[in-house]
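Trainee: for reference, the sequence and a predicted model appear below.
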Amino acid sequence: ASTSGIALATLALNPLMIVKVRQQAMDRTYLPSVANIVRYVYTNEGIRAFWRGTGPAFAMAAPTNAMYMVSYEASKDILGNSLLPPSLSSTAPSIAAFYSRAFAAAITT
């Protein structure tokens, strides 16, 4: 489920990333609108240009999210069952998410 979610998010958001990167690379004295950038990319490079780089983006995100899911489940169970007092057990998912994301980022970058 996690991998298919990553794939769908990458496919949906990659066109926005293309537009953002193009806008960041432009001269600061003239910043065209998002619509102008979309029109330019579509006209000059075709529709496929919006998904250029999707493969590497997915290859980068998949291991990080897999690591996150594994460490999140394990740390949530440990925190909820033994390390936190009962009054704080409702915070276990938030704490587990924070540390799991940090762990996954540290391992995969």
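Mentor: Received the coordinates, thanks.

Trainee: so the most centrally placed residue in the chain, which state does it fall into?
Mentor: Residue closest to the mean C-alpha point of the chain, counted by CA atoms, centre = their mean, is Ala61 at 6.5 Å. Three-state call for Ala61 (DSSP: H, G, I helix; E, B strand; the rest coil): helix.

Trainee: the one 5 residues further on too?
Mentor: The three-state label given to Ala66 by three-state DSSP is helix.

Trainee: tell me, how many residues neighbour it?
Mentor: When neighbours are counted by other CB atoms under 10 Å, Ala66 registers 15. No exception for glycine: its C-beta is placed from N, CA and C like everyone else's.

Trainee: just for this structure, where's the confidence low?
Mentor: 1-2 (pLDDT under 70).

Trainee: just the helices in it please.
Mentor: 2-25, 34-45, 54-78, 92-108 (DSSP state H).

Trainee: quick one: which of these is nearest Leu84?
Mentor: Taking CB to CB, helix 92-108 is the member of the helices of the chain nearest to Leu84, at 5.8 Å.

Trainee: just the CA atoms of that closest one, as PDB, please.
Mentor: Only the C-alpha atoms of helix 92-108 are listed here, as PDB (Å, rounded to 0.1, in the frame of the first residue of the first chain):
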ATOM      1  CA  ALA A  92       2.900   7.500  21.000                       C
ATOM      2  CA  PRO A  93       1.900   7.700  17.300                       C
ATOM      3  CA  SER A  94       3.100  11.300  17.000                       C
ATOM      4  CA  ILE A  95       6.400  10.600  18.800                       C
ATOM      5  CA  ALA A  96       6.900   7.400  16.700                       C
ATOM      6  CA  ALA A  97       6.200   9.300  13.500                       C
ATOM      7  CA  PHE A  98       8.700  12.000  14.300                       C
ATOM      8  CA  TYR A  99      11.600   9.600  15.200                       C
ATOM      9  CA  SER A 100      10.700   7.200  12.400                       C
ATOM     10  CA  ARG A 101      10.900  10.000   9.700                       C
ATOM     11  CA  ALA A 102      14.200  11.200  11.100                       C
ATOM     12  CA  PHE A 103      15.600   7.600  11.200                       C
ATOM     13  CA  ALA A 104      14.400   6.900   7.600                       C
ATOM     14  CA  ALA A 105      15.900  10.100   6.300                       C
ATOM     15  CA  ALA A 106      19.200   9.500   8.100                       C
ATOM     16  CA  ILE A 107      19.500   6.000   6.800                       C
ATOM     17  CA  THR A 108      18.600   6.700   3.200                       C
END
